[in-house]
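Could you look at this predicted model? Sequence included:
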Amino acid sequence: MHQGLTEDEIKAMTLASEKAISYRQNISQRSVTAKISIDEAVKRFRNPLPDQGINGHEVIADMIREADDGLTQMSSGNYYGYVLGGSHPIGVAADMMVSAWGQNAGSALETPAISGLERAVCDW
């Protein structure tokens, strides 16, 4: 059984958190529209897999770097496209916790807190 986090896992989670905060703090200074096409995005991500694994924080750094020009700033106040609901920062934080907890909301027996939260939200 996995005990605690490795140094690499901590680096990956810290990097993701820091970059997410930076992205949201600077979203109004970014171009609203994506700067690359789907074909360019596929080229950036479709690389041969290495024979040896790479560090998790490097995977996160690569993902952030390669995705950057292909993002539309849908959470920006300057985005006037579809009504998507956006991702409110508190919702992003809650989503991070749900992902970190790694629970299965399909069974109240194993995850009463998550299932209870889901039921309460449905009741609202």
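Here it is on my side, so go on.

ok, the residue in the chain sticking out farthest from the centre to residue 116 distance?
Most distant residue from the mean C-alpha position of the chain: residue 109, 28.0 Å away (C-alpha atoms, centre = their mean). Here the criterion is C-beta to C-beta, to the nearest Å. By it, residue 109 lies 12 Å from residue 116. C-betas here are computed from N, CA, C, even on glycine.

what do you get for residue 40?
According to C-beta to C-beta, residue 40 and residue 116 sit 44 Å apart.

Residue 64 now?
Counting by C-beta to C-beta - residue 64 and residue 116 are separated by 34 Å.

State the number of residues packed around the closest residue to residue 31 other than its chain neighbours.
Excluding the flanking residues, the one nearest residue 31 by C-beta to C-beta, 6 or more residues apart in numbering is residue 73, at 7.4 Å. Neighbours of residue 73 under the rule other C-beta atoms under 10 Å: 18.

In contact with residue 73, which residues?
In this structure, residue 73 makes contact with 27, 30, 31, 32, 79, judged by C-beta atoms under 8 Å, 6 or more residues apart in numbering.

could these be laid out in CSV, adding pLDDT, distance to residue 46 and neighbour count?
Formatted as CSV, the contacts of residue 73 follow (pLDDT from 0 to 100; distance: C-beta to C-beta, whole Å; neighbours: other C-beta atoms under 10 Å):
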residue, pLDDT, distance to residue 46, neighbour count
27, 91, 27, 17
30, 93, 25, 15
31, 91, 24, 12
32, 92, 26, 16
79, 82, 28, 15
